[in-house]
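Novice: Have a look; sequence and predicted model below, questions after that.
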Amino acid sequence: MGDSWQNLLEERIAQCLHGEAAAVALARTLRPSRHKYDMGHLLLIAGSAGMTGAMVLAARGAARSGCGLVTVAHPAGGDTQLNVAVPTVMTRVMDWRAPLESVGPLSRYTALAVGPGTGRAPLRAEGVRRLLSCEDLPPLALDADALWAVSPEGNGGRPFDFGSVRGALALTPHLGEFRRLFPDSSADESQVDAAAQRFGNSHDRLLVLKQAVTRIYTGGRCVVHSAPNGGLASGGSGDVLLGVFGGFMAWMPSMELAALSAVLAHSVAGAAARAELGELAMNPSDVADRLDVGVRRVETLIRESLAV
């Protein structure tokens with residue numbers, strides 16, 4: 001089954017698949033006669049002037065996730081890049097003055113991922129918070145600039161009330177972003193762990209703390225993923241991960257399964273890039289190029305567990 005760090009994630013993924021509801025849902029989703037609407041619809045909100053690369057990297061991750069439909073809400077002119085780099089995605093222009101009107105009814109999507117390269121302008125931060133106040137939110141993952149929008153620094157000095165968000169919510173910070181989110185609970189590793197545990201104390205709240213040793217907190221448990229890869233320590237790696245995570249959320253039966261699977265797929269792809277290119281030469285585009293290897297690992301694990 002591979003290295004020990006892979007086995008840790010694979011064991012927890014297999015446990016997530018043991019429930020009858022999850023098994024039935026995935027067996028139906030992965031049947032040979034499925035169609036694109038069985039595989040979910042992700043809305044990815046990403047990009048701004050000067051940061052459209054983050055949008056493209058996240059879209060590339062989503063396009064490799066098996067998701068049936070991916071729509072990217074982007075800054076004006078972003079569709080030109082997307083049409084070349086990721087022609088399989090659909091596009092909408094994002095107007096942060098009217099964010100809900102820009103993306104249409106949220107009920108049409110089965111998952112939402114927000115943040116790569118969206119920028120920190122007050123209008124955009126307020127737009128993120130408006131999205132979070134919607135009643136018909138699909139499962140939602142926040143990363144990068146969307147995390148800043150719900151930090152005290154980005155929210156006028158006030159802690160954001162995550163309990164007000166209806167439905168499943170995931171945060172995917174690196175340690176610096178985590179400290180901005182929870183400035184009173186991040187002085188040392190034990191405080192960081194305790195704050196992350198408090199956030200991920202239910203099945204509809206999840207936190208992926210991205211470090212050399214990544215931790216996934218949800219449902220009152222923490223899954224540790226120790227697979228240091230210095231080649232992933234560059235801007236854009238998290239964008240690829242968010243895209244894969246969002247795409248998996250769109251069709252997998254639980255947010256935890258989607259997060260574990262995304263971390264595994266991203267790590268396997270990163271290991272493949274490192275093996276071919278070395279840590280110094282590899283970059284996030286190389287990881288996106290090799291996501292087929294990582295996603296194949298996830299698919300194989302699911303099919304073996306469910307015998308489908």
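Specialist: Sure, I can see it.
Novice: Would you mark the buried spots in the helix or strand hosting residue 79?
Specialist: Using DSSP states H and E, residue 79 sits within helix 78-85. Residues of helix 78-85 classed as buried by neighbour count (16 or more other Cβ atoms under 10 Å): 78, 79, 81, 82, 85. Bear in mind the C-beta positions are built from the backbone N, C-alpha and C, glycine included.
Novice: buried sites along the next helix or strand along the chain from it?
Specialist: With elements assigned by DSSP H and E, the helix or strand that comes after helix 78-85 is strand 90-93. The neighbour-count check on strand 90-93 (16+ other Cβ under 10 Å) flags 91, 92 as buried.
Novice: and strand 90-93, what's its mean pLDDT?
Specialist: The predicted model assigns strand 90-93 a mean pLDDT of 96.
Novice: CA atoms only: put stretch 284-299 into PDB for me.
Specialist: What follows is stretch 284-299, C-alpha atoms only, in PDB (Å, rounded to 0.1, in the frame of the first residue of the first chain):
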ATOM      1  CA  PRO A 284       3.000  23.900  -7.800                       C
ATOM      2  CA  SER A 285       2.300  23.600 -11.500                       C
ATOM      3  CA  ASP A 286       4.300  20.300 -11.400                       C
ATOM      4  CA  VAL A 287       2.200  19.100  -8.600                       C
ATOM      5  CA  ALA A 288      -1.000  19.900 -10.600                       C
ATOM      6  CA  ASP A 289       0.600  18.100 -13.500                       C
ATOM      7  CA  ARG A 290       0.900  14.900 -11.400                       C
ATOM      8  CA  LEU A 291      -2.500  14.900  -9.700                       C
ATOM      9  CA  ASP A 292      -3.600  12.100 -11.900                       C
ATOM     10  CA  VAL A 293      -1.200   9.800  -9.800                       C
ATOM     11  CA  GLY A 294      -2.600  11.100  -6.500                       C
ATOM     12  CA  VAL A 295      -6.300  10.900  -7.500                       C
ATOM     13  CA  ARG A 296      -5.700   7.400  -8.900                       C
ATOM     14  CA  ARG A 297      -4.500   6.400  -5.500                       C
ATOM     15  CA  VAL A 298      -7.700   7.700  -3.900                       C
ATOM     16  CA  GLU A 299      -9.900   6.000  -6.500                       C
END
